[in-house]
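J.: starting from these lines, generate the structure:
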Amino acid sequence: MPALHLDIVTAERLVYSDDVDLVVAPGSVGELGILPGHAALLTTLQPGPLWARKNSEEVTLAISGGFLEVRDNRVLVLADTAERAEEIDLERARAAEERARRLLTEKQPTTDLARAEAALRRSQVRLKVARRRRAVEAPR
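T.: Below is the predicted model of the structure:
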């Protein structure tokens, strides 16, 4: 079976580039699974975990939205932000979640609620991805 080539790019850098067997991404209307031979597709992405499998190895990233294009066994993700699980600082993500929750509960007149909600969602995705990786790596 031919592999998919996956590129994940942000404005700052190429985050990931490799041939993979499967990609699962947080599409705007739900989780989207992509296998080799997938039909051409262009869609928006919402904040969430994006993961890819190559043989028995899995790579997981936290993305904060963007676009995904599938064409000719190539998957291109143009992400607003993307972090590999091993790059996520758990304490920093927890602090960001607390700040966002505080902004939403205090509801000051100057608080941009949409921005605070987006920050909360981003921090929750980062925590989910980081915790999942640490659970997989934990000795059994």
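
J.: mind listing what's buried in the lengthiest helix in the chain?
T.: Counting residues, the longest helix in the chain under DSSP state H turns out to be helix 113-137. Buried residues in helix 113-137, counted by 16 or more other CB atoms under 10 Å: 116, 119-130, 132-133. For glycine as for every other residue, the C-beta is placed from the backbone atoms N, C-alpha and C.

J.: how many residues are close by the nearest residue to L22 once chain neighbours are set aside?
T.: Nearest non-adjacent residue to L22, counting by CB to CB, 6 or more residues apart in numbering: R53, 4.5 Å away. Neighbourhood size, R53 [other CB atoms under 10 Å]: 13.

J.: could you do I34 as well?
T.: By other CB under 10 Å, the residues close to I34 number 21.

J.: ok, it touching V20?
T.: No: in this structure, I34 is not within contact of V20 by CB atoms under 8 Å, at 9.2 Å.

J.: what residues are shared contacts of the two?
T.: L4 (CB atoms under 8 Å, 6 or more residues apart in numbering).

J.: flag the shaky bits of this structure, pLDDT-wise.
T.: Counting by pLDDT under 70, the ranges of the chain that qualify are 1-2, 133-140.

J.: 90 instead?
T.: Applying pLDDT under 90 to the chain flags the ranges 1-3, 28-29, 56-57, 85-140.
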